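Visitor: all I have is the shape, not the residue letters:
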């Protein structure tokens with residue numbers, strides 16, 4: 001009896017970028033770094049804004065609670 005084996009494979013290749021674009025690829029990395037930095041800054045600012053809003057809600061709740069207490073004494 002003869003043993004047979006089948007081998008299947010595929011190869012994917014990518015063409016190099018044209019020379020006119022190769023210099024722009026470094027610019028893309030800088031753009032990604034700038035986007036990452038701006039995204040981090042936005043996230044920090046949104047967190048700060050949410051903290052201010054939460055503090056305002058808490059202070060309003062305390063103020064309205066104080067008003068209720070004063071009204072109950074009268």
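Guide: Cool, the structure landed. All values reported here derive from a predicted model rather than from experimental measurement. Numbers count the residues shown, from 1 in each chain.
Visitor: give the burial count for residue 57, as a bare number.
Guide: For residue 57, the count of nearby residues is 10 (other Cβ atoms under 10 Å). Glycine gets a C-beta too; all of them are placed from N, C-alpha and C.
Visitor: below-threshold pLDDT in this structure: ranges please.
Guide: Along the chain, segments meeting pLDDT under 70 span 1-3, 5-14, 17-18, 20-27, 67-74.
Visitor: can you show me the helices along it?
Guide: 19-73 (DSSP state H).
Visitor: what number of residues lie near residue 61?
Guide: Neighbour tally, residue 61, other Cβ under 10 Å: 10.
Visitor: how close does it get to residue 50?
Guide: As for residue 61, its distance to residue 50 is 16 Å (criterion: Cβ to Cβ, to the nearest Å).
Visitor: and what of residue 31?
Guide: 28 Å.
Visitor: likewise residue 39?
Guide: 17 Å.
Visitor: likewise residue 16?
Guide: 47 Å.
Visitor: the two: which has the busier surroundings?
Guide: Set residue 16 next to residue 50 and count neighbours by other Cβ under 10 Å: residue 50 wins out with 10 against 7.
Visitor: residues touching that one, list them.
Guide: By Cβ atoms under 8 Å, 6 or more residues apart in numbering, the contact set of residue 50 is empty.
Visitor: any idea how far it lies from residue 44?
Guide: 11 Å.
Visitor: how about the contacts made by residue 55?
Guide: Residue 55 neighbours (Cβ under 8 Å, 6+ apart): none.
Visitor: how many other residues sit next to residue 34?
Guide: With other Cβ under 10 Å as criterion, residue 34 counts 10.
Visitor: perfect, that will be all.
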